[in-house]
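J.: following is a predicted model, sequence given first.
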Protein chains: 2
Amino acid sequence: MTTINDIAQMAKVSRTTVSRALNNSGYVSEDVRKRIMKIVEETGYMPSQSAKSLRTKRSGVIGIILPRLSTETSTRVVNGINEELAKEGFQILLTDTELNKQKEIEYIRLLKTRHVDGIILLATNVNEELIKAIHNIDIPVLAIGQELPGVPSLVYDDYHAAADLTNMLIHKGHERIAFIGVTHDDPSVGGLREQAYRDKMKVNGLEIQETWIGQGDFSIESGYEQMKSILKRSKGQEPTALFAVTDRMAIGAMEYLKEQGYTIPEEMAVVGIGASALSKYITPSLTTIDYHNKDAGKKAAELLLRQLKNEKIDKKFELTYRLIMRNSV
Amino acid sequence: MTTINDIAQMAKVSRTTVSRALNNSGYVSEDVRKRIMKIVEETGYMPSQSAKSLRTKRSGVIGIILPRLSTETSTRVVNGINEELAKEGFQILLTDTELNKQKEIEYIRLLKTRHVDGIILLATNVNEELIKAIHNIDIPVLAIGQELPGVPSLVYDDYHAAADLTNMLIHKGHERIAFIGVTHDDPSVGGLREQAYRDKMKVNGLEIQETWIGQGDFSIESGYEQMKSILKRSKGQEPTALFAVTDRMAIGAMEYLKEQGYTIPEEMAVVGIGASALSKYITPSLTTIDYHNKDAGKKAAELLLRQLKNEKIDKKFELTYRLIMRNSV
DNA sequence: AACTGATGTGTAATCGATTACATGTTTACA
DNA sequence: TGTAAACATGTAATCGATTACACATCAGTT
């Protein structure tokens, strides 16, 4: 492996000069610069990032902490992040917590030892220890999906998105609306979306039967199972619509409904959130909310880069969403 | 940031001893070891990876080069890779070539400067320059999806998978089978799959009308467009079945067919490859081939790790596949 | 002619770890 | 009791870059 010393020797200058030529710092005569660059070209020399980062404390790498690597949402966000970061020559170091809260914290510390310049956290829960861990490391962190106190956060407008969906169903004439949510450990998906549903039902004078409420775990299968038990529990006062807080669970529910011979949307309207590819191509196509995940990723990257340039940024950014009306309603 | 020197000072030993305690190398008395560990715990000290990797030439990071970050196939493979690597404490550095051949080469060199211990390349094409670049860096590289001369490669059995699909359609009585492929720059998807289709048609005495052949670009939209033009071109001798080399293109084609009022599979049978989530939930569900992408990722990681341990491994590994019969045929 | 500021280059310290080598202490066994 | 092997710890070089500081040259100004 050629090092800066080799280049220096070949160009008959000190390595200081080589460094200066490469980084455009300090003075280097045009003559010498050309000589150095030529040799760099020829040898294909590239500076060791480890050495560089040891000295400068910067690595050109941004760490990303994901709850799950294999979801469409994550992928889109990472895609957006990458697109922005690549422009500035940053690389991505990926970690996957597998929904394990402890790992979330572990990875924050681990990324620090790898001298990442910043961290983007796709948050799925909020807890004291996590907040503390974030404040303890002194590199910029940006959260997506949850509002973390004291941490710049990029959040989806979960409340209003869910409220819009609920209102829409009500305006379509539905009075008995079932709901499949997730654990409240996840304040955004589990908390806000359910809160909005309950609020809007109440505001419109509609009563909620607790038999209509199910809790899944984001998977298609859990949507299937929850739909099954909701129907079983609510015999006699079956709902006429279902609001699932994610597309995947909505699609699982649709599978069960189709299996049981329900017609959608006539006998049961279904809505989800996420605008997954599946939602578009399934029959009937699913009414859902598009959160523009890729844009979220881009925005996150942009904000993080601004932090790296020591710009002050706000603590909270709210993203826009769009209701996509399709044939499941 | 606390360093090894701080720990040494606090424990009243030299940093050598601290290093030994942390890495279980050399002798350290139980007494001192405990003292050091306690301080490490308390301070939350974690060694700087940059320093470590500068000295040892190992980073605990594996570079991954992807053609596209946002496809289901890539995601699954990365997921499998990550699962295996995480077990051994390795992290993943992700790069996305956006299907740009030049970037593929660029990233190989870039990853080297970042001192990654190995590289996994999801290859989409084969060319001289790429091979040369791989041979020029002296860290282990493993290719997935294409057979690269001289490079350990993990390949799907594209030929037989496509042959099986074609045979299956023929045995179902189809004689006029259309085909949507991709560029031959991609020897596996573009070359082998088409070759198998042509071979099997021939073997079975069936003639191929060139009007039945389309070339897409992996996207759903291109499947839609190609189906459209195939039908337009082949008026009078329309095919009765379609073999698209990817699920996404098959699904695009199905969309067009449904739009035009064709019944699937009665008026047109459709098959794809990839076993995407979409293929399962679309109506009718799509007959396809499961390549077990996640397992491929795991296997790739495992092979790379074995190379890192200086085990000799074969140059070529072939993966298994499974034909999933569904309702589109 | 003396001084100043811009330009060009080099010396050596530094970042935070690992590790070859040296040195001292115990233990075990002939 | 002598000595080799095992154990325990430290000194200092090293990895490959950046950068503070020093020094030399040269042009322009007074």
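T.: Received the coordinates, thanks.
J.: can you count the residues close to the nearest residue to residue A:114 once chain neighbours are set aside?
T.: Spatially, and ignoring its direct neighbours in sequence, residue A:114 is nearest to residue B:49 (4.7 Å; Cβ to Cβ, 6 or more residues apart in numbering or on different chains). The way it works is simple: take the backbone N, C-alpha and C, and place the C-beta from them, glycine included. Using other Cβ atoms under 10 Å in any protein chain shown, residue B:49 has 25 neighbouring residues.
J.: so which residues of the stretch 51-200 of chain A form helices?
T.: A:72-87, A:101-113, A:128-136, A:158-171, A:193-203 (DSSP state H, counting those that start in this stretch).
J.: tell me which of these sits nearest to residue B:130.
T.: Nearest to residue B:130 among those is helix A:72-87 (19.7 Å), distances taken as Cβ to Cβ.
J.: domain-wise, how is chain A divided?
T.: Here the domain parsing of chain A from automatic domain parsing is A:4-47, A:57-156+A:293-320, A:158-290.
J.: quote the end-to-end distance of the last one.
T.: I take that to be domain A:158-290. Counting by Cα to Cα, to the nearest Å, the length from the leading to the trailing residue of domain A:158-290 is 11 Å.
J.: equivalent analysis for the second one, please.
T.: Here the two ends of domain A:57-156+A:293-320 are set 36 Å apart, with distance taken as Cα to Cα.
J.: for that domain, what is the distance to the chain centroid?
T.: Distance of domain A:57-156+A:293-320 from the chain centroid (Cα atoms, centre = their mean, to the nearest Å) equals 9 Å.
J.: quick check: the residue nearest to residue A:114 touching residue B:59?
T.: Yes: using Cβ atoms under 8 Å, residue B:49 is in contact with residue B:59, at 6.6 Å.
J.: got any residues that touch both of these two?
T.: Residues touching both residue B:49 and residue B:59 (Cβ atoms under 8 Å, 6 or more residues apart in numbering or on different chains): residue A:50.
J.: can you say which of the domains of chain A is nearest to residue B:126?
T.: Of those, nearest to residue B:126 by Cβ to Cβ is domain A:4-47, at 21.8 Å.
J.: and that closest one, how far apart are its ends?
T.: OK, domain A:4-47 end separation, Cα to Cα: 7 Å.
J.: can you confirm whether that domain lies near DNA strand D?
T.: Yes: Domain A:4-47 reaches DNA strand D (Cβ under 7 Å from any atom of the strand) through A:4-5, A:15-16, A:19-20, A:22-23, A:25, A:46-47.
J.: quick one: pLDDT of the residue of the stretch 51-200 of chain A found nearest DNA strand C?
T.: For the stretch 51-200 of chain A, the residue closest to DNA strand C is residue A:55, as judged by Cβ to the nearest atom of the strand, at 3.6 Å. As predicted, residue A:55 sits at a pLDDT of 95.
J.: ok so, going back, including mean neighbour count, could the domains of chain A go into a markdown table?
T.: Shown next, in a markdown table, are these (neighbours: other Cβ atoms under 10 Å in any protein chain shown):
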| stretch | mean neighbour count |
| --- | --- |
| domain A:4-47 | 15 |
| domain A:57-156+A:293-320 | 19 |
| domain A:158-290 | 20 |
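J.: contacts for the one helix or strand residue A:50 maps to next, please.
T.: Using DSSP states H and E, residue A:50 sits within helix A:49-56. The contact list for helix A:49-56, computed with Cβ under 8 Å, 6+ apart, reads A:58-60, A:115, B:48-51, B:53-54, B:59, B:113-115.
J.: can you pick out the most distant pair from these?
T.: Farthest pair in the contacts of helix A:49-56 (Cβ to Cβ) is B:48 and B:113. Separation: 17.8 Å.
J.: coming back round to it: tabulate the contacts of helix A:49-56 in TSV, adding columns for distance to residue A:157.
T.: Below are these laid out as TSV (distance: Cβ to Cβ, whole Å):
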residue	distance to residue A:157
A:58	34
A:59	34
A:60	33
A:115	35
B:48	40
B:49	38
B:50	40
B:51	44
B:53	42
B:54	46
B:59	40
B:113	42
B:114	38
B:115	42
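J.: skipping adjacent residues, who's closest to residue A:145 in space?
T.: Sequence neighbours aside, residue A:123 is the residue nearest to residue A:145 in space, at 5.2 Å (criterion: Cβ to Cβ, 6+ apart).
J.: residues touching that neighbour, list them.
T.: Counted by Cβ under 8 Å, 6+ apart, residue A:123 has contacts A:104, A:130, A:143-146, A:148, A:153.
J.: can you check residue A:250 too?
T.: Per Cβ under 8 Å, 6+ apart, neighbours of residue A:250: A:180, A:223, A:242, A:244, A:270-272, A:279, A:286, A:288, A:328.
J.: got the confidence number for it?
T.: 98.
J.: show me what contacts the closest residue to it other than its chain neighbours?
T.: Leaving aside its chain neighbours, residue A:250 sits nearest to residue A:272 (3.1 Å; criterion: Cβ to Cβ, 6+ apart). When contacts are counted by Cβ under 8 Å, 6+ apart, residue A:272 touches A:244-251, A:279, A:286-289.
J.: now these in TSV, with distance to residue B:313 and secondary structure?
T.: Below are these laid out as TSV (distance: Cβ to Cβ, whole Å; DSSP: H, G, I helix; E, B strand; the rest coil):
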residue	distance to residue B:313	secondary structure
A:244	46	strand
A:245	46	coil
A:246	41	coil
A:247	41	helix
A:248	38	helix
A:249	42	helix
A:250	45	helix
A:251	41	helix
A:279	42	helix
A:286	45	coil
A:287	50	strand
A:288	46	strand
A:289	47	strand
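J.: and those as JSON lines, adding distance to residue B:188?
T.: Formatted as JSON lines, these follow (distance: Cβ to Cβ, whole Å):
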{"residue": "A:244", "distance to residue B:188": "38"}
{"residue": "A:245", "distance to residue B:188": "39"}
{"residue": "A:246", "distance to residue B:188": "34"}
{"residue": "A:247", "distance to residue B:188": "31"}
{"residue": "A:248", "distance to residue B:188": "30"}
{"residue": "A:249", "distance to residue B:188": "35"}
{"residue": "A:250", "distance to residue B:188": "35"}
{"residue": "A:251", "distance to residue B:188": "31"}
{"residue": "A:279", "distance to residue B:188": "30"}
{"residue": "A:286", "distance to residue B:188": "34"}
{"residue": "A:287", "distance to residue B:188": "38"}
{"residue": "A:288", "distance to residue B:188": "35"}
{"residue": "A:289", "distance to residue B:188": "38"}
